[in-house]
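Peer 1: A structural model of the following input is requested.
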Amino acid sequence: MGMTFDRNFFTQIGRDSGALTMLSTVVHSFGEPGEYRAVASDGDSRATFYISVDKSCAVAAAQIDLANLTTPVADVTCCTGQGAPRFVVHPKGYAVFHVSGGSGGYWVTARRADEDPNIEPYDTRELRDGDFFSAILLRPGTYSIKNTLSDAEARATVSYPSTGPAPYQPPEPQVIDVTAAIEPAEIELRPMQGLNFHVHASARIVIELMEPDDGPGARA
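Peer 2: Residues are numbered from 1 along each chain as shown. Next up, the predicted model:
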């Protein structure tokens, strides 16, 4: 049986917390028990799903694949009922929004089913205090990191891979704090090393390649 690869995995260079693709994830805790109606969109299509925040559910992390919300309900982790997919998570747990394939560009909005419709819903295009945004940068080079909802900026450098006798293992992800600033402001990354942004203020994190590093030959 032949293997197939999603070309988006290699061709998508930048990352955006408000337009999730492969190798980027938003993690949010709803906290308050209740039924939440959520919508995932990529600008062209929409999918409705439900998140039940239930003290009787032992699930600490509801894995929600935004590219696969049309999967039959029976295949969805910790779900109940019929119709739109339903995910169940403990109030102290997290909803993990990720993308398994395709061109992506997803964001999520969610509000309590019994909430006043005039109240602004949760929107992953504006991360809140307590959210996490995770990203992996594949291409070596120098990247700009900006919070587009403030003036905060940082820079990350992904080193060019080197060979050695032992199999390569990426280091643990670097933890970045997003407050009025992005700290640290200068970030050195090894190949495939992740970035975990811990959000403490309203944020939309956009990462763009400024200068690629194509190896010693290109530098010479």
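Peer 1: distance check, the spatially most central residue of the chain against residue 152.
Peer 2: The residue lying closest to the centre of the chain (C-alpha atoms, centre = their mean) is residue 25, at 1.5 Å. Here the criterion is C-beta to C-beta, to the nearest Å. By it, residue 25 lies 20 Å from residue 152. From N, CA and C alone the C-beta is placed, and that goes for glycine too.
Peer 1: if we can go back for a sec, is it correct that the residue nearest to the centre of the chain is in contact with residue 127?
Peer 2: No: the pair residue 25 and residue 127 fails to qualify as a contact (C-beta atoms under 8 Å) at a distance of 11.9 Å.
Peer 1: between these two, what contacts are shared?
Peer 2: residue 133 (C-beta atoms under 8 Å, 6 or more residues apart in numbering).
Peer 1: and the host helix or strand of the residue nearest to the centre of the chain, what does it pack against?
Peer 2: Taking DSSP states H and E as the definition, one finds residue 25 inside strand 24-28. Based on contacts counted as 3 or more C-beta pairs under 8 Å, 6 or more residues apart in numbering; DSSP states H and E, the elements that strand 24-28 packs against are strand 94-98, strand 132-136.
Peer 1: which neighbours in the sheet does the last one have, and how are they oriented?
Peer 2: The reference is to strand 132-136. Neighbouring strands of strand 132-136 in its sheet, by DSSP bridges, are strand 24-28 (antiparallel), strand 194-199 (antiparallel).
Peer 1: in TSV: the ones you listed, plus mean pLDDT and distance to residue 68.
Peer 2: As requested, the strands paired with strand 132-136 are exported to TSV (pLDDT from 0 to 100; distance: least, C-beta to C-beta, whole Å):
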stretch	mean pLDDT	distance to residue 68
strand 24-28	98	14
strand 194-199	98	22
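Peer 1: if we can go back for a sec, wait, which of the helices and strands packed on strand 24-28 is closest to residue 191?
Peer 2: Proximity of these to residue 191 was assessed by C-beta to C-beta; the nearest stretch is strand 132-136, lying at 9.7 Å.
Peer 1: quick one: that closest one to strand 94-98, angle?
Peer 2: Here strand 132-136 points in a direction 30 degrees away from that of strand 94-98 (axes from the mean of the first three to the mean of the last three C-alpha atoms, to 10 degrees).
Peer 1: off-centre distance for strand 132-136?
Peer 2: For strand 132-136, the distance from its own C-alpha centre to the chain's C-alpha centre is 5 Å (C-alpha atoms, centre = their mean, to the nearest Å).
Peer 1: hmm, who's touching it?
Peer 2: In this structure, residues lying in contact with strand 132-136 by C-beta under 8 Å, 6+ apart are 15, 17, 23-28, 127, 173, 192-199, 203, 205, 207.
Peer 1: let's see 6 Å
Peer 2: Identification of contacts with strand 132-136 by C-beta atoms under 6 Å, 6 or more residues apart in numbering yields 15, 17, 23-27, 194-197, 205.
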